[in-house]
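K.L.:
Next input, structure requested:
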Amino acid sequence: MTNGIGNTPEQSPRPTQSDLIRPIGKLRVVANMGFGLQYVRLDHAPAGVLAVTGGTITDIRLHGDVDSPRATFTLVGPTGDSAIIAVSTAVYLDSFGDLVNGRLVELTADVVRPFRNGPAHLQLRALNLA
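P.N.:
Residues are numbered from 1 along each chain as shown. Alright, predicted model coming up:
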């Protein structure tokens, strides 16, 4: 049996990891929503709440300089949903050895919304290996 372009299922290209990553900011988190902990998508969590989540580190980018190193990375959850994680200098100095592409982690972070209509991201507080 062939598909519309003539490939059989055995010949069809397999999706890459980047094909499986959904829009950024949709990662599911456990957040303190003021009336207890709730399991919500990041884009539904208000700014300033504490969130806990987990996933795989991808796309690490280093920022700053030798005196004040910082980083950002994308965290991809098991469903392909993802979020940008910002790492301050203080947290970076405690966790830089654990920031490895492909590593499975759980983290605690604050929800940040720098722009009113833009996607939320997480400001890392603590990182633990899963």
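
K.L.:
And the strands in this structure?
P.N.:
28-32, 37-41, 50-64, 69-76, 82-87, 104-112, 121-129 (DSSP state E).

K.L.:
Just put those in a markdown table and tack on mean neighbour count.
P.N.:
For every residue, glycine as well, the C-beta is placed using N, CA and C. As requested, the strands of the chain are exported to a markdown table (neighbours: other Cβ atoms under 10 Å):
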| stretch | mean neighbour count |
| --- | --- |
| strand 28-32 | 20 |
| strand 37-41 | 13 |
| strand 50-64 | 17 |
| strand 69-76 | 20 |
| strand 82-87 | 24 |
| strand 104-112 | 18 |
| strand 121-129 | 17 |
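
K.L.:
Indicate which one of these is closest to D98.
P.N.:
strand 121-129 (5.5 Å; Cβ to Cβ).

K.L.:
now the most centrally placed residue in the chain: how far from E106?
P.N.:
With the centre of the chain defined as its mean C-alpha position, the nearest residue by Cα atoms, centre = their mean is L75, 2.3 Å away. L75 sits 10 Å away from E106, going by Cβ to Cβ, to the nearest Å.

K.L.:
still on that earlier bit, what bridges to the residue nearest to the centre of the chain?
P.N.:
I57, A83 (DSSP bridges).

K.L.:
picking up where we left off before, shared neighbours, L75 and E106?
P.N.:
Common contact partners of L75 and E106 (Cβ atoms under 8 Å, 6 or more residues apart in numbering): T53, G54.

K.L.:
Isn't N128 up against V105?
P.N.:
Yes: using Cβ atoms under 8 Å, N128 is in contact with V105, at 6.4 Å.
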